[in-house]
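S.K.: Just to be clear, the model below is a prediction. Sequence and coordinates:
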Amino acid sequence: MDQTPIRILLIEDEPECALLMESFLKVASRTAFAYTLERGETLAQGLALLREGEFDVVLLDLVLPDSRGLATLREVKAHGRGVTIVVLTGLRDEDLGRRAIEEGAQDFLCKGDFNSEMLRHVIRFAYDRGRLLHGFEHILECTPDGVVVVGDDGLTRYASPSAAILFNKSLRDLVGKPFGWPVGPEKPAEITLEAEGGGRRVAEMAAARIEWRGETSWLVSVRDVTVLKMIEAARAGQEERRLQEAAKERFLQSVAHDLRSPMNVICAMVERCGELLPAASEAEERLLLAGRSALKRMLKLVEGLLSLWQLESGGMAVCRSSLDLASVAERVLEEARAAHPGKDINAEFEEGLGPVFADEDMVARLLSNLLDNACRYGRRVVTVRCRAEGPEQVCLSVTDDGPGVAEARLGAIFDRFSQGDRFMDESGYKGTGLGLALCREIARLNDGSIDVESELGKGATFSVRLPACLRRVELR
């Protein structure tokens, strides 16, 4: 036998019935359970005892001096939340007992028609069932989702604290009142709820059939999905922007690709015009020179766009091998000196510099872009340096004596079409803003990196770090 005493509250005004109940309890307790008993003769006394102590079972007479019928049960339920109630009715009031069960009582006993064995069975069963139900309700009260039990009449039988928060109402305003939304077995539905402060919440509601206190009802779960909806909307917006950006990229790539062929034809025609006009006037010579220069800039922009898109999309193969960086740099330097005769382009290569592991054509293009950039903005002197940085890395740097880059623009200087705050070259050409973006992509594809150090009025240094080619020694 469980030695934990069942705490019983008897609310009964008739002394004879109270004495009979105590007698039956004493007999039942010898073999079935231990108990403690307190008694209130009126509803007011019973409610006062409920407020002052804790009880497991309430034996409740529905006809009291200060309350009658099911209203008595409702008052006890409201003040003794979670307590198990067994109602006491008259011999001819069995229908009232059944309606009391529908209202939430665990069981009923007809006065004068039960004995100690029946009382033992009713109390034990009500106590055990009440404990199970109380545990179930405790789980519902702790869940973060709102839980509501709705009867077939549309009235709320139970509401969890989370539901009260979601619906922005007190439990008293929910329980016993119309639920307000149609409930059925369909797929989860979205509902809009008023939030504290006049805002709105979006909730997902789902329902399932259950048996609740002897009554077939709907168990309704309500989950706040406001934040989830906001995240979904943000993701949808990001996806839409991504698709628009991809469409723009495809359009520009197609335009650039289609422009290249006719522009090459136009360049050839301009060159041919120069050959056909050996005695051209000075004005005609200037016009032809301006045309050549403009076409070269356009071709450079188109080639830069196509190359960058190929690199970023993986359309350009990377053929890495052991590479003598100094040898590649010397070749590119000679081309730069021929293209920029007015610049003093120097080289400082560390002796005994080992090879790097990179794509030769890509490295040559990277250095060519850096030199073109330095010659365009540098005043007179451009210096290229190659040096080792530890056993696993080689640094290639290009320094100019130009106006430098403002610190605020350094973070974006490798972005597409970014040209910093630097000046135009002597021809008035400021570049396309693609050269440094290409350099960054080439460095990335060769497992390297690129950065810039600059100060306004003191030039700029662009440094590329590439992985050294480490020879493996095979042990025999």
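M.R.: The structure has been received and is ready for your questions.

S.K.: as a whole number, average confidence for the helix or strand harbouring Asp95?
M.R.: In the assignment (DSSP states H and E), Asp95 maps to helix 94-102. Summarised as a single mean, pLDDT over helix 94-102 is 82.

S.K.: now do stretch 189-206
M.R.: Per-residue scores along stretch 189-206 average to 82.

S.K.: buried stuff in it?
M.R.: Buried residues in stretch 189-206, defined by neighbour count with 16 or more other Cβ atoms under 10 Å: Leu193, Arg201, Val202, Ala203, Glu204, Met205, Ala206. The way it works is simple: take the backbone N, C-alpha and C, and place the C-beta from them, glycine included.

S.K.: Ok, stretch 207-221 next?
M.R.: Ala207, Trp212, Arg213, Glu215, Ser217, Trp218, Leu219, Val220, Ser221.

S.K.: can you list the weak-confidence ranges in the stretch 251-400 of the chain?
M.R.: 251-261, 263-265, 271, 274-280, 284, 292-316 (pLDDT under 70).

S.K.: got CSV for the buried residues of stretch 189-206, with secondary structure and distance to Val398 too?
M.R.: As requested, the buried residues of stretch 189-206 are exported to CSV (DSSP: H, G, I helix; E, B strand; the rest coil; distance: Cβ to Cβ, whole Å):
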residue, secondary structure, distance to Val398
Leu193, strand, 63
Arg201, strand, 58
Val202, strand, 56
Ala203, strand, 61
Glu204, strand, 59
Met205, strand, 65
Ala206, strand, 65
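
S.K.: Break down the stretch 1-150 of the chain into its helices, ranges please.
M.R.: 15-29, 43-52, 70-79, 94-102, 116-142 (DSSP state H, counting those that start in this stretch).

S.K.: re earlier: so among the buried residues of stretch 207-221, where is pLDDT lowest?
M.R.: Lowest in pLDDT among the buried residues of stretch 207-221 is Arg213, which has 66.

S.K.: pretty sure Ala100 contacts Cys110?
M.R.: No: Ala100 lies out of contact with Cys110 (Cβ atoms under 8 Å); the separation is 11.9 Å.

S.K.: got a list of contacts for stretch 66-83?
M.R.: Residues outside stretch 66-83 that contact it (Cβ atoms under 8 Å, 6 or more residues apart in numbering) are 11, 42-44, 46-47, 50-51, 55-58, 60-64, 85, 87, 96, 99-100, 103-105, 130, 134, 137.

S.K.: Take that stretch, keep the C-alpha atoms, and write them as CSV.
M.R.: What follows is stretch 66-83, C-alpha atoms only, in CSV (Å, rounded to 0.1, in the frame of the first residue of the first chain):
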residue,chain,number,x,y,z
ASP,A,66,-24.3,29.4,0.0
SER,A,67,-24.2,27.6,-3.4
ARG,A,68,-26.2,25.1,-5.4
GLY,A,69,-25.7,22.8,-8.4
LEU,A,70,-23.0,23.0,-11.0
ALA,A,71,-22.1,26.6,-10.1
THR,A,72,-20.6,25.0,-6.9
LEU,A,73,-18.4,22.8,-9.0
ARG,A,74,-17.3,25.6,-11.2
GLU,A,75,-16.2,27.7,-8.2
VAL,A,76,-14.2,24.9,-6.8
LYS,A,77,-12.5,24.2,-10.1
ALA,A,78,-11.7,27.9,-10.5
HIS,A,79,-10.0,28.1,-7.1
GLY,A,80,-8.5,24.6,-6.9
ARG,A,81,-6.7,24.4,-10.2
GLY,A,82,-5.6,20.8,-10.9
VAL,A,83,-7.4,19.3,-7.9
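
S.K.: Show me what counts as buried in that stretch.
M.R.: Buried, per 16+ other Cβ under 10 Å, within stretch 66-83: Ser67, Leu70, Thr72, Leu73, Glu75, Val76, Lys77, Gly80, Val83.

S.K.: And for stretch 234-245?
M.R.: Within stretch 234-245, not a single residue qualifies as buried, counting by 16+ other Cβ under 10 Å.

S.K.: try stretch 331-348
M.R.: Neighbour-count burial for stretch 331-348, with 16+ other Cβ under 10 Å as criterion, is recorded at Val332, Leu333, Ala336, His340, Lys343, Ile345.

S.K.: Between all of those, which two are separated the most?
M.R.: Using Cβ to Cβ, the buried residues of stretch 331-348 span at most 13.9 Å, a distance reached by Val332 and Lys343.
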